[in-house]
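Chemist: Attaching a predicted model along with its sequence, questions to come.
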Amino acid sequence: MLRIAVPNKGALSQGATDMLTEAGYRQRRSSRDLQCMDADNGVEFFYLRPGDIATYVASGDLDLGITGRDLAVNSGAQVEEVLALGFGRSTFRYAARPGTVDSIAGLDGKRIATSYPGVVQRDLDRHGVTTAIVELAGAVENAIALGVADAIADVVETGTTLKQAGLAVFGDAIMHSEAVLVRKTGNGQPAAVEQLLRRLRGVLVARSYVMLAYDVRAELLEAAVELTPGIESPTVSPLHREGWVAVQSMTERADLHRVMDALYEIGARGILASNIDACRL
Ligand SMILES: Nc1ncnc2c1ncn2[C@@H]1O[C@H](COP(=O)(O)OP(=O)(O)OP(=O)(O)O)[C@@H](O)[C@H]1O
Ligand SMILES: O=P(O)(O)OC[C@H]1O[C@H](OP(=O)(O)OP(=O)(O)O)[C@H](O)[C@@H]1O
Ligand SMILES: [Mg+2]
């Protein structure tokens, strides 16, 4: 039985549950459930605070966990990333009132408020700056106005919260984060993990690709296939209509409309795009 930690609430919870459900796993019925057994797939899920997940995985009590890259770094736990999951993206940044602190060197001797002291200390050390860290559970954007700190370091997603607090970012991004699957550092990959990984990769591909199908005159096939090389190689089948072929190819969703327009322009017709519900590559 594989034991996997999943965020029980917060910014990563819904994304993690959605991804596991799409990958064919059973998920808890109520947001109050702390465990969920999926006997058919040989997996048991444990719903934990996202910031605690790396600690459980590093201890060896759980085999794998879904958490944020920033949260895993912050915990200092000995875990390594197995797979980046493509949701829960954020950037971690320094910010202060414009005209006060505007560089990382300028943080020397100052006070910085954050909910991620591990991430911040690591970055300050890298810059050789000595700053007092004020650890807060949340709403750190208030810390400057309330006189608790001179600067903050926090998750920025859209930037709305910073703007409303009258703060501006400075320095390079401290880190870029997204949800990741982690395991204990140095742990090998049991066969049961391989199946989970194949399924999760299948979800990532199904989300980022569409299946493109079109008809094209045989003499234009090479030009068309150049636009739609697919992942392995496109499928080409003869059409009943003399001199024409049908092509099927997986195409990146982000590129879809550019590729469809280009196919039309070279003479392809009946160009259809459909979602992929699931796949194994
Ligand atoms: N807008 C966001 N706010 C907070 N965290 C976010 C956001 N977008 C992505 N994340 C990521 O989600 C993870 C933090 O999730 P977590 O559940 O701890 O925070 P939260 O949703 O703010 O909950 P809480 O405030 O109760 O701690 C981090 O990996 C962070 O990078
Ligand atoms: O750039 P934005 O899109 O505005 O998002 C970033 C904000 O969202 C999070 O706060 P959250 O709502 O989780 O409250 P918290 O500070 O209490 O954790 C985070 O701590 C930032 O404050
Ligand atoms: Mg928060």
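Modeler: That came through fine. Ligands and ions are numbered 1, 2, ... in the order given.

Chemist: Show me what residue of the stretch 1-150 of the chain gets nearest to ligand 2.
Modeler: Gly138 (2.5 Å; Cβ to the nearest ligand atom). (Each C-beta comes from the backbone N, C-alpha and C, glycine too.)

Chemist: Pretty sure that residue sits against Tyr116.
Modeler: No: assessed by Cβ atoms under 8 Å, Gly138 is found out of contact with Tyr116, at 11.0 Å.

Chemist: neighbour count winner among the two?
Modeler: Neighbours per residue, other Cβ atoms under 10 Å: of Gly138 and Tyr116, the larger number sits with Tyr116, 26 against 8.

Chemist: Please name the nearest non-neighbouring residue to the more buried one.
Modeler: Residue nearest to Tyr116 in three dimensions, not counting chain neighbours: Asn74, with 4.6 Å by Cβ to Cβ, 6 or more residues apart in numbering.

Chemist: count of residues packed around the one you found?
Modeler: Asn74 - counted by other Cβ under 10 Å - has 24 other residues nearby.

Chemist: Residues of this protein that sit close to ligand 1?
Modeler: Within the chain, the positions lying close to ligand 1 (Cβ under 6 Å from any ligand atom) are 10-12, 50-51, 68, 70-71, 88, 90, 138, 155, 157, 177.

Chemist: returning to what we had before: pLDDT on the host helix or strand of the residue nearest to Tyr116, on average?
Modeler: Using DSSP states H and E, Asn74 falls within helix 69-75. What helix 69-75 shows for mean pLDDT is 98.

Chemist: which outside residues touch it?
Modeler: Helix 69-75 has contacts (Cβ atoms under 8 Å, 6 or more residues apart in numbering) with 50-55, 58, 79, 81, 84, 90, 92, 116-119, 122, 155, 175-180, 182.

Chemist: Does ligand 2 have contacts with that helix?
Modeler: No: counting by Cβ under 6 Å from any ligand atom, ligand 2 is not contacted by helix 69-75; separation bottoms out at 10.9 Å.

Chemist: Only the C-alpha atoms, please, for that helix, written as PDB.
Modeler: Taking C-alpha atoms only, helix 69-75 is exported to PDB below (Å, rounded to 0.1, in the frame of the first residue of the first chain):
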ATOM      1  CA  ARG A  69       8.100  23.700  -3.800                       C
ATOM      2  CA  ASP A  70       8.500  26.800  -1.500                       C
ATOM      3  CA  LEU A  71       6.800  24.900   1.400                       C
ATOM      4  CA  ALA A  72       9.200  22.000   1.000                       C
ATOM      5  CA  VAL A  73      12.300  24.300   0.900                       C
ATOM      6  CA  ASN A  74      10.900  26.200   3.900                       C
ATOM      7  CA  SER A  75      10.500  23.100   6.000                       C
END
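
Chemist: mind checking how far that helix is from the chain centre?
Modeler: Mean-position distance between helix 69-75 and its chain equals 14 Å (Cα atoms, centre = their mean, to the nearest Å).

Chemist: which helices and strands does the helix or strand following it pack with?
Modeler: As assigned by DSSP H and E, the chain's next helix or strand after helix 69-75 is strand 79-84. Other helices and strands packing on strand 79-84, by 3 or more Cβ pairs under 8 Å, 6 or more residues apart in numbering; DSSP states H and E, are helix 53-59, helix 69-75, strand 179-184, helix 191-208.
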